[in-house]
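>>> Pasted the sequence and its predicted model underneath.
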Amino acid sequence: MTIQELLILTNVREASDLHLIPGHSPAVRINGELRQLNTFPELTSKEVEQMTYSLLNPVQKEVLLSNKEIDFSTVVTIESGEQIRFRSNAYYERGVIALAFRLIPGKIKSIEELGLPYLLHDFVKLKSGFVLLTGASGQGKSTTLASLINEINQSRSVHIVTVEDPIEYVFPKAKAIVSQRELEQDTHSWNNALRAMLREDPDVAYIGEMRDRETVSAALTLAETGHLVFSTIHTNSASQSVDRIVDMFPGNQQQQIRMQLSMVLSGVITQRLIPNLMGTRSPAYEIMLASQSIKSIIREGKTHLIDNTIQTSGEMGMKLFEDSLKGLIDGNVISLETALSYAFRPDRLLELTKKR
């Protein structure tokens, strides 16, 4: 099959990912489980290389050869005329090229359709601040952020500027105007794009991922200057997110970063997709809101107190990850065994479930 046919098959199978690795048959991930398509022959390195080069323009090919990896977007058209988008990555493994694709659904779902708490609508209404979506790769962070950004797009007359690597969801024309910038295609670097953003008159900024301290510093500056900033980071809890941001900076700057973060942070949402009893996946989440107590904890560097503060602030809408898991157990959505295998604090979950 051609690369286009394999990508269309990924969409037909309702898979989230496609992997093309020499020496293996094509593989797709469905509901979090990787399945090799053994009806297809094993791919050769030459086949994967030809597929890769058919997707890249000359500049992208040079980047791949120089850096040994590249992120890019891929679009295929199906019979109905609809275009299907993929976030794509080409990389070298054992000296040959391999490919990984993440399917980007064409429809941006609402917060309710994603099964997320109503509280997330409050972040959409903010005029300024810093909102973080955290979690491991493939846990729906980009999908949730797209839902939040699109709600702003549909409801407010603002300028939204995104910097992504690559562009995933394409926001439709609505009440807002949206400028979506893709690394390499529309800007040469994260730093250039974020420095220029202040001159682009944004009301809302979406930074695809905070990868280093320069990106974090730029995001904090944008929020400090009265913008609403959304971004992601790979951490498993609210307290870890604060520590990760602070630890990106040298010791002599960390107190300043704590102060900045405490002033601009609006909230942290940690998300993970859990295999459910219906054979699909359901979101579990942790929510930390930047209350005065949380702000004081961040300023004073006492992040070990964050979990307890979230636990005792349920009336504000805060929730530990294990409380969300318990809700899924009580609703007969997931099993206790599954919940325990995904819990960050298993003892906390066992304590909660004993009270049932």
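Thanks, I have the structure now.
>>> count of neighbours near the nearest residue in space to Leu55 that is not next to it in sequence?
In space, and not counting its chain neighbours, Leu55 is closest to Thr74: 5.6 Å by Cβ to Cβ, 6 or more residues apart in numbering. Every residue, glycine included, has its C-beta placed from N, CA and C. Using other Cβ atoms under 10 Å, Thr74 has 19 neighbouring residues.
>>> wait, what's in contact with Thr74?
Thr74 is in contact with 7, 55, 85-86, 88, 101, counting by Cβ atoms under 8 Å, 6 or more residues apart in numbering.
>>> try 7 Å
For Thr74, the contacting residues are 7, 55, 86, 88, 101, by Cβ atoms under 7 Å, 6 or more residues apart in numbering.
>>> need the helices for the stretch 101-250 of the chain, in chain order.
120-124, 141-155, 190-197, 213-224, 238-247 (DSSP state H, counting those that start in this stretch).
>>> between those, which gets the lowest average pLDDT?
Ranked by mean pLDDT, the helices of the stretch 101-250 of the chain bottom out at helix 190-197, with a mean of 90.
>>> what pairs with the residue nearest to Leu55 across the strands?
Thr74 has these beta-bridge partners by DSSP bridges: Phe86.
>>> how much space between it and Ile97?
Thr74 sits 15 Å away from Ile97, going by Cβ to Cβ, to the nearest Å.
>>> Val12 too?
Distance, Val12 to Ile97, using Cβ to Cβ: 25 Å.
>>> who's more crowded, those two?
Ile97 (23 against 9).
>>> quick one: the more buried one and Leu261, what's the gap?
Distance from Ile97 to Leu261, by Cβ to Cβ: 40 Å.
>>> how far does stretch 149-169 sit from the chain's center?
Average the C-alpha atoms of stretch 149-169, do the same for its chain, and the two points are 14 Å apart (Cα atoms, centre = their mean, to the nearest Å).
>>> Which residues does it contact?
71-73, 87, 104, 108, 124, 142, 146, 171, 174-183, 187, 190, 193-194, 197, 200-208, 230.
>>> Give me the distance between Glu209 and Ile111.
For Glu209, the distance to Ile111 - Cβ to Cβ - is 21 Å.
>>> State the helix or strand in which Thr39 lies.
Following DSSP states H and E, one finds Thr39 outside all helices and strands.
>>> So, low pLDDT: which residues of this structure?
Counting by pLDDT under 70, the ranges of the chain that qualify are 355-356.
>>> tell me the centre residue of it?
Lys141 (3.0 Å; Cα atoms, centre = their mean).
>>> I'd say that one and Arg272 touch.
No. Lys141 is not in contact with Arg272 according to Cβ atoms under 7 Å; the separation is 9.8 Å.
>>> can you list residues touching both of these two?
In contact with both Lys141 and Arg272: Gly135, using Cβ under 7 Å, 6+ apart.
>>> quick one: the strand or helix carrying Gly327 to helix 238-247, angle?
Element membership for Gly327 (DSSP H and E) is helix 321-330. Interaxial angle, helix 321-330 versus helix 238-247 (axes from the mean of the first three to the mean of the last three Cα atoms, to 10 degrees): 150 degrees.
>>> where's the helix or strand following helix 321-330 relative to the chain centroid, distance-wise?
Downstream of helix 321-330, the next assigned helix or strand under DSSP H and E is helix 336-342. Computed by Cα atoms, centre = their mean, the chain-centroid distance of helix 336-342 equals 23 Å.
>>> try stretch 148-162
Distance of stretch 148-162 from its chain centroid, counting by Cα atoms, centre = their mean, is 18 Å.
>>> Going by neighbour count, which residues of it are buried?
148-153, 156, 158, 160-162 (16 or more other Cβ atoms under 10 Å).
>>> now, which of those sits nearest Pro283?
Here the nearest of these to Pro283, counting by Cβ to Cβ, is Leu148; it sits at 13.8 Å.
>>> can I assume the closest one is in contact with Lys125?
No. Look at Leu148 against Lys125 with Cβ under 7 Å: they stay out of range, at 10.6 Å.
>>> Shouldn't Ser266 be within a helix?
No. Applying DSSP: H, G, I helix; E, B strand; the rest coil, one finds Ser266 to be strand, outside a helix.
>>> Can you get me a residue count around the nearest residue in space to it that is not next to it in sequence?
Leaving aside its sequence neighbours, Ser266 sits nearest to Gly129 (Cβ to Cβ, 6+ apart; 3.4 Å). Gly129: 18 surrounding residues under other Cβ under 10 Å.
>>> I'd say Gly129 and Glu224 touch.
No. Contact between Gly129 and Glu224 fails when scored by Cβ under 7 Å: they sit 10.2 Å apart.
>>> picking up where we left off before, can you select the buried ones from the contacts of stretch 149-169 in PyMOL?
The command below creates a PyMOL selection of those among the contacts of stretch 149-169 that count as buried (16+ other Cβ under 10 Å):
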select buried, resi 71+72+73+87+104+108+124+142+146+171+176+178+180+181+182+183+187+190+193+194+197+202+203+204+205+206+207+208+230
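>>> Show the contacting residues for the nearest residue to Asp243 once chain neighbours are set aside.
Spatially, and ignoring its direct neighbours in sequence, Asp243 is nearest to Thr303 (5.5 Å; Cβ to Cβ, 6+ apart). Contact analysis of Thr303 by Cβ under 7 Å, 6+ apart lists 239, 242-243, 297.
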